[in-house]
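S.K.: task: produce atomic coordinates for the following.
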Amino acid sequence: IDHLDLTIARGEKVGIIGANGSGKSTMLKLISGILQPTTGTVRIRGTVAPLIELGAGFDPELSVMDNIILYGVMLGYTQLEMKSRAKLILKFAELESSALIPVKGLSSGMTARLGFAIATDVKPDILILDEVLSVGDASFKNKCSQRMEEFWQDHVTVLLVSHSMELIRQNCHKTIWLEQGQIKMIGTTDDVVDEYLQCVAPATVHS
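M.R.: Residues are numbered from 1 along each chain as shown. Down below sits the predicted model:
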């Protein structure tokens, strides 16, 4: 990331696009506090729920249930509140029968479902999604999309990294195009996506 100067307002739904290695995930990790900037400052107002890597934020040795409680407590909820929410979280993640299994015993798909279910249930101020909607089968993706619609109506700030331009167009007001750690373009989603697509797949000229 190089000289990134950016302000995201509360409630904005922002898409982040760019080629692999352009700095998208690094930027999200800086915002989430997973990485610390070597220079400069990141200022966050509110609670952040990052869904960046499968299993990020989970303790693999603890049970699914304990991880649900731990995740919620880290976001400012009480243990009691998280226990009362756990049943619905497990149901959404389709993991009711796995509540007492250590997280390390889950498949990658199950872990992704668990992460999505917790982060979207506890309603953080800032939700960070890195390609997370590409996991799971068709019926789970459909459930994810329906739940995301609630966030889009809400005052939650959403940062969405995706290689699916359709998903970005459907869900984001504003889009940031990163290239080699710098902002190549920032603006309304249609303008940025159109420019990006033109650049990565230039139209062929027929003579």
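S.K.: from here on, contacts and neighbour counts on C-alpha atoms
M.R.: Will do.
S.K.: which other helices and strands contact the least confident helix or strand in the chain by mean pLDDT?
M.R.: Here the helix or strand of the chain ranked lowest by mean pLDDT, DSSP states H and E is helix 138-153, holding a mean of 79. Under the contact criterion of 3 or more C-alpha pairs under 8 Å, 6 or more residues apart in numbering; DSSP states H and E, helix 138-153 touches helix 108-121.
S.K.: could you dump the helix it packs on to PDB, C-alpha only?
M.R.: What follows is helix 108-121, C-alpha atoms only, in PDB (Å, rounded to 0.1, in the frame of the first residue of the first chain):
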ATOM      1  CA  SER A 108     -13.300 -24.600   5.000                       C
ATOM      2  CA  GLY A 109     -16.900 -24.200   3.800                       C
ATOM      3  CA  MET A 110     -18.300 -24.700   7.300                       C
ATOM      4  CA  THR A 111     -15.800 -22.200   8.700                       C
ATOM      5  CA  ALA A 112     -16.800 -19.600   6.100                       C
ATOM      6  CA  ARG A 113     -20.500 -20.200   6.900                       C
ATOM      7  CA  LEU A 114     -19.700 -19.800  10.600                       C
ATOM      8  CA  GLY A 115     -17.800 -16.500  10.100                       C
ATOM      9  CA  PHE A 116     -20.500 -15.000   7.900                       C
ATOM     10  CA  ALA A 117     -23.300 -16.100  10.300                       C
ATOM     11  CA  ILE A 118     -21.600 -14.500  13.400                       C
ATOM     12  CA  ALA A 119     -20.400 -11.300  11.700                       C
ATOM     13  CA  THR A 120     -23.800 -10.600  10.100                       C
ATOM     14  CA  ASP A 121     -25.800 -11.500  13.200                       C
END
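S.K.: buried sites along it?
M.R.: Met110, Thr111, Ala112, Arg113, Leu114, Gly115, Phe116, Ala117, Ile118, Ala119, Thr120, Asp121 (16 or more other C-alpha atoms under 10 Å).
S.K.: name the nearest residue to the fourth one, ignoring sequence neighbours.
M.R.: In space, and not counting its chain neighbours, Arg113 is closest to Ala93: 5.0 Å by C-alpha to C-alpha, 6 or more residues apart in numbering.
S.K.: is the residue most central in space within the chain in a helix, a strand, or coil?
M.R.: Among the residues of the chain, the one closest to the centroid is Leu129, at 1.0 Å (C-alpha atoms, centre = their mean). Using DSSP: H, G, I helix; E, B strand; the rest coil, the three-state assignment for Leu129 comes out as strand.
S.K.: cool, Leu197 as well?
M.R.: Classification of Leu197 by three-state DSSP places it in helix.
S.K.: one step back: beta partners of the residue nearest to the centre of the chain?
M.R.: Counting by DSSP bridges, Leu129 is bridged to Leu51, Leu160.
S.K.: can you give me the helices in the chain?
M.R.: Using DSSP state H, the helices of the chain run over 24-32, 64-74, 79-93, 108-121, 138-153, 165-171, 189-200.
S.K.: test my guess that Val48 contacts Lys123.
M.R.: No - using C-alpha atoms under 8 Å, Val48 is not in contact with Lys123; the gap is 9.4 Å.
S.K.: more crowded one of those two?
M.R.: Val48 (21 against 17; other C-alpha atoms under 10 Å).
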